[in-house]
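>>> The sequence and its predicted three-dimensional model are supplied below.
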Amino acid sequence: MKLLGSDTSPYTRKARLVLLEKGLTHQYLITPPREPGSPVAQHNPLGRVPTLLLDDGTAVYDSPVICEYLDGLNDRPVLIPRGDPVARMRVRRWEALADGIMDSAVVIRLEGLRPPEKQEAATLTLHGNAITRALALAERELGGRAWCEGSALTLADLALVSALLYLDLRQAERGWRAGYPGLAAWSAPVLARQSVRATVTP
């Protein structure tokens, strides 16, 4: 398998973390889709990363689809619950919350790249408030637990830490650790995992 992605993409990081945590043999190819000659659009009509290329040439895209496919390849560990539909829903809901943080942070990033006079204040406020609400909810839902769902690492944890790392990269001024100490305490051991450290560019 080959994963086409970008080091700055939080969605790519989420897929990489699943690959690493499950010990799946793969190649990670840094292929920002906007760079000249990028092969991403050849495999993914949406021209987005991550894109997973299977050995038979099949392209899998959209990070939730990639992560679900990868999780089904082995049980070491199971990252999306299989036998409990409620637990499965909760893990996928966490993923949706984390992906929503990423979505809004990307919008803010793109808006910030526009000339100041062309930036839409309403857009920045809308998505900034969405991130604030999502972080507050994550803090409340965690309630001091070690894991987002159950008693072990799941996709929920990998998605959430990917979102938080993207805030570190693109919204350092937000200072989310100071505002959400419970979330900061939860994140410390997750950030220390070998898989997470492997995806953080020095």
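That came in fine, so what should we check first?
>>> CA atoms for contacts and neighbours, from now on please.
Will do.
>>> how about Thr154, phi and psi?
Torsion angles at Thr154 (phi, psi; degrees, to the nearest 10) stand at phi -140, psi 180.
>>> can you check Thr51 too?
According to degrees, to the nearest 10, Thr51 has phi -130, psi 130.
>>> Would you check that my belief about it contacting Asn44 is correct?
Yes - counting by Cα atoms under 8 Å, Thr51 does reach Asn44; the two are 6.7 Å apart.
>>> okay, the two: which has more neighbours?
More neighbours surround Thr51 than the other of Thr51 and Asn44, with 25 against 18 (other Cα atoms under 10 Å).
>>> Could you report the separation of the residue located most distally from the centre of the chain from Ser187?
In the chain, Glu117 marks the outermost C-alpha relative to the chain mean, sitting 31.0 Å out by Cα atoms, centre = their mean. Separation of Glu117 from Ser187 (Cα to Cα, to the nearest Å): 37 Å.
>>> could you give the mean pLDDT of stretch 47-57?
Stretch 47-57 shows a mean pLDDT of 97.
>>> Quick one: end-to-end distance for it.
With Cα to Cα, one end of stretch 47-57 sits 16 Å from the other.
>>> Under a three-state scheme, what state does Arg34 occupy?
For Arg34, the assignment made with DSSP: H, G, I helix; E, B strand; the rest coil gives coil.
>>> give me phi/psi at it?
Dihedral angles for Arg34 - degrees, to the nearest 10 - are phi -90, psi -10.
>>> buried sites along the helix of greatest length in the chain?
As assigned by DSSP state H, the longest helix anywhere in the chain is helix 85-112. By neighbour count on 16 or more other Cα atoms under 10 Å, the buried set for helix 85-112 is 88, 90-92, 94-106, 108, 111.
>>> Which strands and helices lie in contact with it?
Other elements packing on helix 85-112 under the criterion 3 or more Cα pairs under 8 Å, 6 or more residues apart in numbering; DSSP states H and E are helix 10-21, helix 121-142, helix 155-170.
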